[in-house]
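Visitor: Need the 3D shape of this:
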Amino acid sequence: MSVNQPCPQGTTPYIIRAGDTYFSLAQRFNTTVAAITAANPGVDPNRLVIGQRICMPGTTPPPVTCPTGFTTYTIRAGDTLYALAIRFNTTVAVLIQANPGINPNALFIGQQICVPGTTPPPVTCPTGFTTYTIRAGDTLYALAIRFNTTVNVLLQANPGINPNALFIGQQICVPSGPPPVTCPTGFTTYTIRAGDTLYAIAIRFNTTVNVLLQANPGINPNALFIGQRICVPGTTPPPVTCPTGFTTYTIVAGDTLFAIANRFNTTVNVLLQANPGINPNALFIGQRICVPATT
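Guide: As a prediction, this is how the structure comes out:
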């Protein structure tokens, strides 16, 4: 059959998508493999390609009629019966019974199935907790760190949740807000930004990782997150005092001592001597260093 040849009467055009086979299409459109083959003479069913146009008997898949207490749900990318069972507070066996003939291993985007109720049950959180909507990449462990709590506390606040099957859009209960940060005398709060590590922060504020750990009991140095507030010494990094013939320069994205040395017609060694204590492997955006006054 030619690509542009019209479909015979009683059939309608269909564009092949990823995973399509004559067998899965026959199930979806309530027809048979033989009928699809007859409607597409010359098409090799074993060599279907994405974007290929074929003719399907009938017009659209038959409407889904759900049993009492169930409603239709349209399959989205990543959906599985197991994940849907958790989302709708049911079991895979119940979903299979409500959808006779469904192939749980061949769900496709746009497919309509029957699920319990109308929407997932609303989330009611205990006192001191609020709802949070799961985003891509979220895990209970990462959320526990972000909200300064533990996985066990999250599990207790979300009875029945499956920590190994969180899904985007799922609502769970998390602590209402991180507790306020109270810093010891001589320290002030600092908000973690992208790329921050305790080591880099220690250098920036002229202190050590151990001092930061002592000032922030319970902090996980290997799991800092953007927006987290910690305690650092003083209020701002100490001012930079440059030797004669040098001036201050503020580090920007992509800077290295080697690149800066070339830019200012000097050497890395000269820069290191003019900036005692600087870590050439841990420059950070906004850091101020000393460079030759002329270029």
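Visitor: Give the helix, strand or coil label for Ala35.
Guide: Following DSSP: H, G, I helix; E, B strand; the rest coil, the label given to Ala35 is helix.
Visitor: contacting residues around it?
Guide: Contact analysis of Ala35 by Cβ atoms under 8 Å, 6 or more residues apart in numbering lists 26, 57. For the C-beta atoms, the positions are set from N, CA and C on the backbone; glycine is no exception.
Visitor: do that again at 7 Å, thanks
Guide: Residues counted as contacts of Ala35 (Cβ atoms under 7 Å, 6 or more residues apart in numbering) are Pro57.
Visitor: what does the model give it for pLDDT?
Guide: Note for Ala35: predicted pLDDT of 86.
Visitor: Please renumber the chain so that the first residue is 30 from this point on.
Guide: Right, with 30 as the first residue, what we last looked at is Ala64.
Visitor: Please report how far it lies from Leu54.
Guide: In this structure, Ala64 and Leu54 are 10 Å apart, going by Cβ to Cβ, to the nearest Å.
Visitor: Pull the helix or strand hosting Ile125 out as PDB, backbone CA atoms only.
Guide: In this structure, Ile125 sits in helix 121-127 according to DSSP states H and E. C-alpha atoms of helix 121-127 as PDB (Å, rounded to 0.1, in the frame of the first residue of the first chain):
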ATOM      1  CA  VAL A 121      -3.100  -4.700  40.800                       C
ATOM      2  CA  ALA A 122      -5.600  -7.600  41.000                       C
ATOM      3  CA  VAL A 123      -8.500  -5.200  41.500                       C
ATOM      4  CA  LEU A 124      -7.400  -3.200  38.400                       C
ATOM      5  CA  ILE A 125      -7.100  -6.300  36.300                       C
ATOM      6  CA  GLN A 126     -10.600  -7.400  37.300                       C
ATOM      7  CA  ALA A 127     -12.000  -4.000  36.500                       C
END
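Visitor: residues making contact with that helix?
Guide: The contact list for helix 121-127, computed with Cβ under 7 Å, 6+ apart, reads 95-96, 99, 110-111, 113-114, 131, 133, 143-144.
Visitor: Which ones among the residues you listed lie within helices?
Guide: Using DSSP state H, 110-111, 113-114 are the members of the contacts of helix 121-127 that sit in helices.
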